[in-house]
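**Student:** Give me a model of this one.
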Amino acid sequence: MADALTEKGSARSWRAPRLTLRQREAIEAWLFVSPTVAGFLLFFLGPLAAVVYFSLTEWNLLTQQATFVGVKNYVDALSHNPDFWHVLRNSFVFAMGLVPLNMALALSLALALSRPFRGVIFFRTVFFAPVVTSAVAWAIVWRFLLQGEGGAVNQMLALVGIDGPNWLREPDWAMVAVIVTRVIKMVGLNMILYIAALQAIPRDYEAAARLEGASNWQIFRMVIWPLLAPTTLVIFVITMIGSFKVFDHIYLMTGGGPENGTLVLAFYIYEQGFKFFNVGYASALAMIMFVIVLVLTVVQMTLRRRDMQ
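**Tutor:** Next up, the predicted model:
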């Protein structure tokens, strides 16, 4: 009986340790962020680690046999394969053509559509609609519009006496056609970002500049443009990354041709991995593209931070 009472008393005296407020907040915080952390590990860090490993192997997708070869794939790409440098040049040409044109057009549209006027919602919708349009449908439609003989673009040019080229079959024009159609599709996204940034600028700044006698150009150059710098950096980074990742337009409009004139890095990676089944080499190319984009982004952010100091 005494033993039973002692055990009962000891059971009553034992209590679970009480957590402090900071400990409870830490547990709740980890519970809230755990889905994001799990998604990051499962869908980003895990695949990235797998690509790094595959890039160090010679793995044929058909035979499912992987042989560790170290950095051989990187050496082959950078030293022994002239096609890689041609593809890399095409990728930079595409990026240097798309990024400035997209940003300049987006800013121009945003300046025109940031103020309220009759029909402004309609025009914003018109310019943003291509962004949410299916990329496959967009590319196929433009492939027909840009045909050499019966294409609608050349037919309209013929009305004013211009003999249009075969846009997607001539090496000198294919890259231009792909860049322009890509800009038209994606410019609406950057336009919306610029409109949001312009509407966040206090109107008092512009009014004060006008009282000082500043012209419209001076107001834009000295007041508006500096305040748009953070948004411009974000737009530059996402547009540049998108330009290096472009695949669907190339695949559906030119297939990398003519004469590999539009063969960019993302499409080249696809060919090596899923057409020639060289998964190890394709993974090495993917890692090279990742490093290129990372370096360009860091350089741009560093230059921007230096300008702000």
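**Student:** quick one: Ala139 and Phe247 touch, right?
**Tutor:** No. Using CB atoms under 8 Å, Ala139 makes no contact with Phe247, being 10.5 Å away. C-beta coordinates here come from the backbone N, C-alpha and C atoms, glycine included.
**Student:** So if I had to pick from those two, which one is more boxed in?
**Tutor:** Ala139 (20 against 14; other CB atoms under 10 Å).
**Student:** got the CA positions of the helix or strand containing the more buried one in PDB?
**Tutor:** Assessed by DSSP states H and E, Ala139 sits inside helix 135-145. Extracted in PDB, the C-alpha atoms of helix 135-145 (Å, rounded to 0.1, in the frame of the first residue of the first chain):
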ATOM      1  CA  ALA A 135       3.900  29.700 -75.100                       C
ATOM      2  CA  VAL A 136       3.300  26.800 -77.500                       C
ATOM      3  CA  ALA A 137       0.300  28.500 -79.200                       C
ATOM      4  CA  TRP A 138       2.200  31.800 -79.400                       C
ATOM      5  CA  ALA A 139       5.200  30.200 -81.100                       C
ATOM      6  CA  ILE A 140       3.200  28.200 -83.500                       C
ATOM      7  CA  VAL A 141       1.100  31.300 -84.500                       C
ATOM      8  CA  TRP A 142       4.200  33.400 -85.100                       C
ATOM      9  CA  ARG A 143       5.800  30.600 -87.100                       C
ATOM     10  CA  PHE A 144       2.900  30.800 -89.600                       C
ATOM     11  CA  LEU A 145       2.900  34.600 -89.500                       C
END
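**Student:** and Thr239, how many neighbours?
**Tutor:** Thr239 sits with 22 neighbouring residues when counted by other CB under 10 Å.
**Student:** tell me the contacts of it?
**Tutor:** 98-99, 102-103, 186, 190 (CB atoms under 8 Å, 6 or more residues apart in numbering).
**Student:** Just name whatever secondary elements the helix of greatest length in the chain is in contact with.
**Tutor:** Across the chain, the helix with the greatest residue count (assigned by DSSP state H) is helix 82-113. Packing contacts for helix 82-113, counted by 3 or more CB pairs under 8 Å, 6 or more residues apart in numbering; DSSP states H and E, involve helix 120-132, helix 171-199, helix 229-244, helix 265-270.
**Student:** who touches the following helix or strand past the second one?
**Tutor:** The first helix or strand that comes after helix 171-199 along the chain, using DSSP H and E, is helix 203-211. Contacts made with helix 203-211 from outside it, assessed by CB under 8 Å, 6+ apart, are listed as 218-219, 222-224, 227.
**Student:** now with 10 Å?
**Tutor:** Helix 203-211 is contacted by residues 202, 214-216, 218-220, 222-224, 227 when judged by CB atoms under 10 Å, 6 or more residues apart in numbering.
**Student:** Residues in contact with the helix or strand that it is followed by: which ones?
**Tutor:** Next along the chain after helix 203-211, taking DSSP H and E as the criterion, comes helix 216-219. Residues outside helix 216-219 that contact it (CB under 10 Å, 6+ apart): 111, 205-210, 212, 224-225.
**Student:** Flag every buried residue along helix 216-219.
**Tutor:** Ile219 (16 or more other CB atoms under 10 Å).
**Student:** Phe236 against Thr297, yeah?
**Tutor:** Yes. Counting by CB atoms under 10 Å, Phe236 touches Thr297, with 8.9 Å between them.
**Student:** returning to that earlier point: could you dump the contacts of Thr239 into a markdown table with pLDDT, distance to Phe274 and neighbour count added?
**Tutor:** Below are the contacts of Thr239 laid out as a markdown table (pLDDT from 0 to 100; distance: CB to CB, whole Å; neighbours: other CB atoms under 10 Å):
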| residue | pLDDT | distance to Phe274 | neighbour count |
| --- | --- | --- | --- |
| Leu98 | 95 | 25 | 23 |
| Val99 | 94 | 28 | 19 |
| Asn102 | 96 | 29 | 26 |
| Met103 | 95 | 32 | 19 |
| Met186 | 93 | 25 | 21 |
| Asn190 | 95 | 31 | 26 |
